[in-house]
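Asker: with the sequence up front, the predicted model follows.
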Amino acid sequence: MRDPRIQELAANLVQYSVNVQPGENILIEMYGTEKELVRSLVEEVYARGGKPYVKLIDRRVMGTILKSATEEQIKEWAEEDLAQMKRMDGYIAVRAGENVNEWADVPEQQMKLYNLHYLKPVHLEQRIKHTRWVVLRYPNASMAQLAEMSTDAFEDFYFDVCNLDYGKMDEAMDPLKALMERTDKVRLVSPGTDLTFSIKGIPAIKCSGQNNIPDGECFTAPVRDSVNGTITFNTPSVQSGVTFDQISFRFEDGKIIEATSSDTKRINEILDMDEGARYVGEFSLGFNPYIKYPMKDTLFDEKIDGSLHFTPGQAYEEADNGNRSSLHWDLVLIQRPEYGGGEVWFDDVLIRKDGRFVIEELDQLNPENLK
């Protein structure tokens with residue numbers, strides 16, 4: 001018998017996140033072996049009068065392809081998938097890989113070709129801009145290990161997070177969106193961090209279950225050349241199949257002029273992929289009340305309660321500062337006391353301290369009010 005929580009999640013994804021309408025084409029991509037959620041998604045799309053299309057993808061096989069793929073092959077691959085994506089009205093991606101470091105031995109030059117000639121045209125330019133989309137992880141033993149939990153406990157945590165009342169969260173985010181959109185100067189202070197930048201004139205976007213599950217953030221972008229100072233991230237991050245830790249950037253006039261990490265050589269290779277990779281395309285505050293600790297999974301980590309993320313690379317069209325890149329790398333700084341604390345200032349007013357919103361208009365975003 002199928003877990004009723006799976007059916008509830010599928011219904012939320014199809015009805016709330018993607019809002020499938022009769023006659024629409026919906027692409028469902030599964031990265032992994034989980035089939036029950038895919039079956040439930042197919043049933044829910046049909047129930048709404050839509051037409052589901054399914055791709056089952058094995059990341060280990062894909063990694064083998066990427067190791068030797070030529071630029072011409074990747075372009076042809078992208079051309080084929082781009083043609084399909086252009087016929088889609090909605091997109092649901094379920095990612096449940098067994099090894100987050102599966103692509104660690106794919107050469108960086110090969111990842112650059114994949115990012116530039118596949119991810120950018122198919123996903124950054126077409127899927128994100130022209131479909132209603134949602135991306136989520138699915139619980140498995142690998143994710144439970146990353147979270148340092150038993151598989152059963154992680155599944156319970158996962159469904160609490162993913163079946164949260166996102167409609168309630170959406171309403172609670174309205175004051176933060178309004179505040180961000182009337183703010184000019186932002187200052188971030190934490191151990192190893194003292195950073196200033198402007199967000200003047202750039203829209204703020206609420207994220208409450210429409211594009212990511214789990215969700216719980218409100219993002220904008222810094223004015224491209226306004227970032228100055230240093231930021232040190234206190235969560236590990238996986239990029240191109242490699243885990244990076246102790247990441248620290250120093251900025252001058254918007255550009256990362258110094259980058260260090262547990263693998264300083266490779267992180268600089270990533271940041272040198274194109275001009276825009278050393279500039280920032282997103283700034284966001286995270287506040288999902290159920291997500292407390294990092295697990296090297298961006299979809300979860302960027303929503304951690306009391307966190308923020310700062311993103312080298314491509315800006316989103318909805319909050320566009322003009323930065324263009326094949327990279328979009330969400331890097332997370334947690335400011336709760338057990339992670340060293342920290343402050344967020346908007347126009348010289350303290351709005352969040354040690355991970356808690358401290359002005360009355362934002363109190364509904366504190367964890368006890370979102371559960």
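Answerer: Received, thanks.

Asker: show the contacting residues for residue 59.
Answerer: 31-32, 97, 99, 102-103 (C-beta atoms under 8 Å, 6 or more residues apart in numbering). C-betas here are computed from N, CA, C, even on glycine.

Asker: count of residues packed around the residue nearest to residue 129 when sequence neighbours are not counted?
Answerer: Nearest non-adjacent residue to residue 129, counting by C-beta to C-beta, 6 or more residues apart in numbering: residue 317, 5.7 Å away. For residue 317, the neighbour count with other C-beta atoms under 10 Å is 10.

Asker: any idea how far residue 317 is from residue 234?
Answerer: Separation of residue 317 from residue 234 (C-beta to C-beta, to the nearest Å): 30 Å.

Asker: swap in residue 84?
Answerer: Distance from residue 84 to residue 234, by C-beta to C-beta: 40 Å.

Asker: kindly check the end-to-end length of stretch 245-256 for me.
Answerer: End-to-end distance of stretch 245-256 (C-alpha to C-alpha, to the nearest Å): 17 Å.

Asker: which residues touch it?
Answerer: Applying C-beta under 8 Å, 6+ apart, the external contacts of stretch 245-256 come out as 192, 195, 197, 222-233, 236-237, 257-262, 267, 271, 278-280, 312, 331.

Asker: try stretch 364-371
Answerer: Contacts for stretch 364-371 (C-beta under 8 Å, 6+ apart): 164, 168-169, 172-173, 175-176, 216, 287-290, 305, 356-357, 363.

Asker: doesn't residue 128 make contact with the residue nearest to residue 129?
Answerer: Yes: under the criterion of C-beta atoms under 8 Å, residue 317 makes contact with residue 128 at 7.5 Å.

Asker: give me the buried subset of the contacts of stretch 245-256.
Answerer: Neighbour-count burial within the contacts of stretch 245-256 applies to 195, 197, 222-227, 229, 231-233, 236-237, 259, 261, 267, 271, 278-280, 312, 331; the criterion is 16 or more other C-beta atoms under 10 Å.

Asker: in helices, which of those residues fall?
Answerer: 267, 271 (DSSP state H).

Asker: and stretch 175-186, what's buried?
Answerer: 175-177, 179-180, 183, 186.

Asker: out of these, list just those in strands.
Answerer: residue 186 (DSSP state E).

Asker: tabulate the buried residues of stretch 175-186 (CSV), appending pLDDT and distance to residue 70.
Answerer: Formatted as CSV, these follow (pLDDT from 0 to 100; distance: C-beta to C-beta, whole Å):
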residue, pLDDT, distance to residue 70
175, 98, 51
176, 98, 47
177, 98, 45
179, 98, 49
180, 98, 44
183, 98, 47
186, 98, 44
